[in-house]
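J.: need a structure here:
(chains A, B, C and D)
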4 protein chains.
Amino acid sequence: DDSWSVAGHTFKSRLIVGTGKYKDYAQNAAAVKAAGAEIVTVAVRRVNLTDTSAPMLTDYIDPKEYCFLPNTAGCFNAEEAVRTLRLAREAGGWTLVKLEVLGEARTLYPDMVETLKATEILVKEGFQPMVYCSDDPIMAKRLEDAGAVAIMPLGAPIGSGLGLQNPVMLRLIVEAAKVPVLVDAGVGTASDAAVALELGCDAVLMNTAIAEAKNPVLMAQAMKSAVEAGRMAYLAGRMGKRMYADPSSPLAGLI
Amino acid sequence: DDSWSVAGHTFKSRLIVGTGKYKDYAQNAAAVKAAGAEIVTVAVRRVNLTDTSAPMLTDYIDPKEYCFLPNTAGCFNAEEAVRTLRLAREAGGWTLVKLEVLGEARTLYPDMVETLKATEILVKEGFQPMVYCSDDPIMAKRLEDAGAVAIMPLGAPIGSGLGLQNPVMLRLIVEAAKVPVLVDAGVGTASDAAVALELGCDAVLMNTAIAEAKNPVLMAQAMKSAVEAGRMAYLAGRMGKRMYADPSSPLAGLI
Amino acid sequence: DDSWSVAGHTFKSRLIVGTGKYKDYAQNAAAVKAAGAEIVTVAVRRVNLTDTSAPMLTDYIDPKEYCFLPNTAGCFNAEEAVRTLRLAREAGGWTLVKLEVLGEARTLYPDMVETLKATEILVKEGFQPMVYCSDDPIMAKRLEDAGAVAIMPLGAPIGSGLGLQNPVMLRLIVEAAKVPVLVDAGVGTASDAAVALELGCDAVLMNTAIAEAKNPVLMAQAMKSAVEAGRMAYLAGRMGKRMYADPSSPLAGLI
Amino acid sequence: DDSWSVAGHTFKSRLIVGTGKYKDYAQNAAAVKAAGAEIVTVAVRRVNLTDTSAPMLTDYIDPKEYCFLPNTAGCFNAEEAVRTLRLAREAGGWTLVKLEVLGEARTLYPDMVETLKATEILVKEGFQPMVYCSDDPIMAKRLEDAGAVAIMPLGAPIGSGLGLQNPVMLRLIVEAAKVPVLVDAGVGTASDAAVALELGCDAVLMNTAIAEAKNPVLMAQAMKSAVEAGRMAYLAGRMGKRMYADPSSPLAGLI
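T.: So this is what the prediction gives:
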């Protein structure tokens, strides 16, 4: 009965998966299922949600079974992002959305000025934006104050697979946030996902780490277990670290 | 149907747990169960296996249900270790054993000269020793040549909870070994256990990380999931690492 | 003859030191000298620059000998920061200044919205602001576009001594910047300072790592050598990393 | 006047450099000079010390000016190593020597059984062996007990440039040793060398990091400064690490 809630929706799964870079929709659907995901994020600009003459994502991943989370991948300013989400709302009625406003193609790093601006507009228009952002605790607070329903700092550049580069900052964000914090981007393998939950994050969103594994469906299952493991370890309360075998000598400041 | 074998015994679980530092045998038994362990290691010198007037481990953890792996914790030379395992064999008939010969109380680091000597004697006497050792790939090869049925390098000092300090060496050991390689010692939390399996190790042995968690039974369950996650990630084949968002720029040598 | 320039001023030393947390001005002056610093940063709100009845920093560190860089430590919004620097300009004529607008007392993390606003105002008023900032490459670009004469991302929280937490982001900032990039905050010991220069940063600013060492003057000298070492190593071009002893097997993606 | 001594010889420089992989002896000599080295290690089996018809190392690096430290690179058992050093003693009278007995060509990891055996023989024959070894604190103690005049654990595989992989173990070795401890192998760039000294090691030995830099002579100079920086930082006593900006919250066990 361990669950988390965002904008009034409650979920048991703490793993949100994407719908890009898969061989085909069938593989994507199999990965989503193996991941045990309840939320699936969909790039509104990239995924065919309306042209019935071509293969449609919704034929493979049923929007009645999964919570579809439209995202703004590929948008490089607030206006584009807001327009994209308005289209999504018109098409499917979605108001719980994932906002990402990228700063450049090279790093896919978020543009926080445009992100904050878009958040404010979206909230005003009745959306509940979950927001991809930098690992900046002050900016995270600003997003929260602007009405973001979840803070989604990157662990490393999108698609890099480098693992969580800045646990210190992620922890500071978690400590201060009153809305859920999710690591979005940077996970490369299972242990990375576990680390995110061990730091106290509420969930993890990933795409490339699953889609680009040699066996995406098996990796999805690995990620499911890793997220559950990290969450349980967080709740269980880990042992302290020690420099020596002697339990009475804590490591304070030595390493 | 993913399993591993040591000395002719086949196991599905890749998590071996200990029997020290728990509040009582009942908690220990609950943790073993939550861990999904099939093998339980027991310090012959510390655990009451024969005095029926005191609480006995075997009343809580049934040797018919679990594979008991007697170990030589507390032995500081080959002679002590060999003598201890002879007693274990007389008491319970065990020949699959875990050898550890410690070099000093401060670090609980193995004494590899005595460890190698004890391995040779044990093999000659018909034991199948799984051997706790340093993360030295040449020494690991010597142990294997001497008849060790598994190589068990430390990830960090026993009881330190520091996590795997030397993945480069662990990988070199894994690449060269023809017998199973298990990380023994050093795991502090779930992600550490996942990393061991991601490196290609066959299994992990731990005690303090579970016993000293605030909630040992929940941590045992976390470790079960972490080990499964790490193993699946290893089999699934992780994505490459990249410096940039652009998938065409691999990270080679940059980080 | 290796030097760097900021806003038309050229320096040989790549180590900027602070004037806080020292036992007294004499110790501070000795540390500045040992560091070989040419630039000394001064918290306008904390340092006595005008009350001649009390000990004055300028009696110990001569503004004719060192480039004084007034900073806005303790300012939590753009207005305070701008006002502080206007006072500094009136008092000493300084236009090359260090802007820092903090987001909160807990983390001393910069407030990037206010920082960007203050940068724009300062540039309009003729200042040349070197700007303390997050390790966000897009925000760094915005600061540069707004007229910042140097980008000064944190390596870790101010006063934490944790070392550079996010080399990936620092490298991305360095690669894109057309103005000097300096690591500001986070250095704990000499090797941390060397890493900053090895990443291609132009210089490092530090205060606590020197002032809180047991022997601040010796640590200042250590930092001088470390910065020189890191810079030379960057210019010399380091060897590639390899997984094995065999030079023909590069490490690509393995670690 | 900070110096260190080994087997009665006192040195100011804490950087020992090699004589392999350079373009030619002239470059090697320039690098040795730039490094400020007082000790130069020479692979007896690879360097021409006697054939006057070919270029000779001693024409470029004067054995009267530098302390030549013959080493046994390329030896894979105790007998070869001992024989090699006997030849060296006959040729040049050297008794202060560097012993390395490798376990395999793939990793160039030391064979500690053969290394210990060779140490015992060499000591009996009047040599003063400085011994390349694993980062095993118990084995280090055995070498010291056998008469090794210095303990030289690897930081990472020879020629890998990976940097110090196991600072926990290096620190344990330093704490227990009564003879000098030098990191031998694994340094890739300047900050790695600084770290070795910050951990309390007495000196560092390196070859590839200098010889394979794009500009070896400049890298040698960088290493000189890095070693000095690391040593001074160690003596100066670094600040503690903190999780937050607030100086009153130490980091104990959190990171």
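
J.: surely A:Asp59 meets A:Tyr25?
T.: Yes. Contact criterion CB atoms under 8 Å: A:Asp59 and A:Tyr25 qualify, at 7.0 Å. C-beta coordinates here come from the backbone N, C-alpha and C atoms, glycine included.

J.: Settle it for me: which of the two has more neighbours?
T.: A:Tyr25 (18 against 12; other CB atoms under 10 Å in any protein chain shown).

J.: tell me the pLDDT at the more buried one?
T.: We have a pLDDT of 93 for A:Tyr25.

J.: again, but for A:Asn215
T.: Reported pLDDT for A:Asn215: 98.

J.: What parts of chain A come near chain C?
T.: A:103-104, A:106-107, A:109-113, A:116, A:134, A:136-139, A:141-142, A:156-157, A:160, A:162, A:165-166, A:168-169, A:172, A:176 (CB under 8 Å from any CB of the partner chain).

J.: Now do the helix or strand A:Ile138 falls within: everything it contacts.
T.: Assigned by DSSP states H and E, A:Ile138 falls within helix A:137-146. With CB atoms under 8 Å, 6 or more residues apart in numbering or on different chains as the test, helix A:137-146 has contacts from A:112, A:115-116, A:119-120, A:123, A:131, A:133, A:151, A:153, A:169, A:172-173, A:176-179, A:181, C:103-104, C:107, C:109-113, C:134.

J.: Next, the residues that contact the following helix or strand past that helix from outside, please.
T.: Counting by DSSP H and E, the next helix or strand C-terminal to helix A:137-146 is strand A:150-153. Residues outside strand A:150-153 that contact it (CB under 8 Å, 6+ apart): A:6-7, A:98, A:130-136, A:140, A:143-144, A:169-170, A:173, A:177, A:179-184, A:202, A:205.

J.: quick check, distance from the helix or strand of chain A with the lowest mean pLDDT to the centre of its chain.
T.: The helix or strand of chain A with the lowest confidence, counting by mean pLDDT, DSSP states H and E, is helix A:57-60 at a mean of 91. How far helix A:57-60 lies from its chain's middle: 21 Å, per CA atoms, centre = their mean, to the nearest Å.

J.: Could you list the buried residues of it?
T.: A:57-58, A:60 (16 or more other CB atoms under 10 Å in any protein chain shown).

J.: what does stretch A:203-217 give?
T.: Judged by neighbour count (16+ other CB under 10 Å), stretch A:203-217 contains these buried residues: A:203-213, A:215-217.

J.: got it, and stretch A:173-181?
T.: A:173-174, A:176-177, A:179-181.

J.: same thing with stretch A:80-95?
T.: Buried residues in stretch A:80-95 (16+ other CB under 10 Å): A:80-82, A:84-85, A:88-89, A:92, A:94-95.

J.: Check stretch A:19-30 too.
T.: Within stretch A:19-30, the residues that count as buried by 16+ other CB under 10 Å are A:19-20, A:22, A:25, A:28-29.

J.: mind exporting that stretch as PDB, just the C-alpha atoms?
T.: Extracted as PDB, the C-alpha positions of stretch A:19-30 are listed here (Å, rounded to 0.1, in the frame of the first residue of the first chain):
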ATOM      1  CA  THR A  19       7.400   6.200 -26.100                       C
ATOM      2  CA  GLY A  20      10.400   7.100 -28.200                       C
ATOM      3  CA  LYS A  21      13.300   5.200 -29.900                       C
ATOM      4  CA  TYR A  22      11.600   1.800 -29.800                       C
ATOM      5  CA  LYS A  23      11.800  -0.500 -32.800                       C
ATOM      6  CA  ASP A  24       8.000  -0.400 -33.100                       C
ATOM      7  CA  TYR A  25       4.800   0.200 -31.100                       C
ATOM      8  CA  ALA A  26       4.600  -3.500 -30.200                       C
ATOM      9  CA  GLN A  27       8.000  -3.500 -28.500                       C
ATOM     10  CA  ASN A  28       7.100  -0.200 -26.800                       C
ATOM     11  CA  ALA A  29       3.900  -1.800 -25.500                       C
ATOM     12  CA  ALA A  30       5.700  -4.800 -24.200                       C
END
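
J.: Now do that stretch: everything it contacts.
T.: A:31, A:40-43, A:46-47, A:55-57, A:59-61, A:73, A:207-208, A:211-212, A:216-217, A:220.

J.: So which of those residues are in strands?
T.: A:40-43 (DSSP state E).

J.: Around the residue in the stretch 101-250 of chain A that chain D sits nearest to, how many other residues sit close by?
T.: Closest residue of the stretch 101-250 of chain A to chain D, CB to the nearest CB: A:Gly240 (4.5 Å). Using other CB under 10 Å, A:Gly240 has 15 neighbouring residues.

J.: Over to A:Cys67?
T.: 18.

J.: check which helix or strand covers the nearest residue to A:Gly200 once chain neighbours are set aside.
T.: Once flanking residues are discounted, A:Gly200 sits nearest to A:Val174: 4.2 Å by CB to CB, 6 or more residues apart in numbering or on different chains. Using DSSP H and E, A:Val174 sits in helix A:167-176.

J.: I'd like the distance between A:Met130 and A:Leu197.
T.: 17 Å (CB to CB, to the nearest Å).

J.: which ones are touching the residue nearest the centre of chain A?
T.: A centroid search over chain A (CA atoms, centre = their mean) returns A:Leu205, at 2.8 Å, as the residue closest to the centre. Contacts for A:Leu205 (CB under 8 Å, 6+ apart) come out as A:15-18, A:41, A:98, A:152, A:182-185.

J.: Do you have the strands of chain A handy? List them.
T.: Ranges of strands in chain A, per DSSP E, are A:4-6, A:9-11, A:15-17, A:39-43, A:67-71, A:96-99, A:128-133, A:150-153, A:182-184, A:203-206.

J.: what's the distance between the second one and the middle of its chain?
T.: Taking the mean C-alpha point of strand A:9-11 and that of its whole chain, the gap between them comes to 15 Å (CA atoms, centre = their mean).

J.: Contacts for that strand next, please.
T.: Here strand A:9-11 makes contact (CB under 8 Å, 6+ apart) with A:3-5, A:38-39, A:67, A:96, A:203.

J.: cutoff 7 Å now
T.: A:3-4, A:38-39, A:67, A:96 (CB atoms under 7 Å, 6 or more residues apart in numbering or on different chains).
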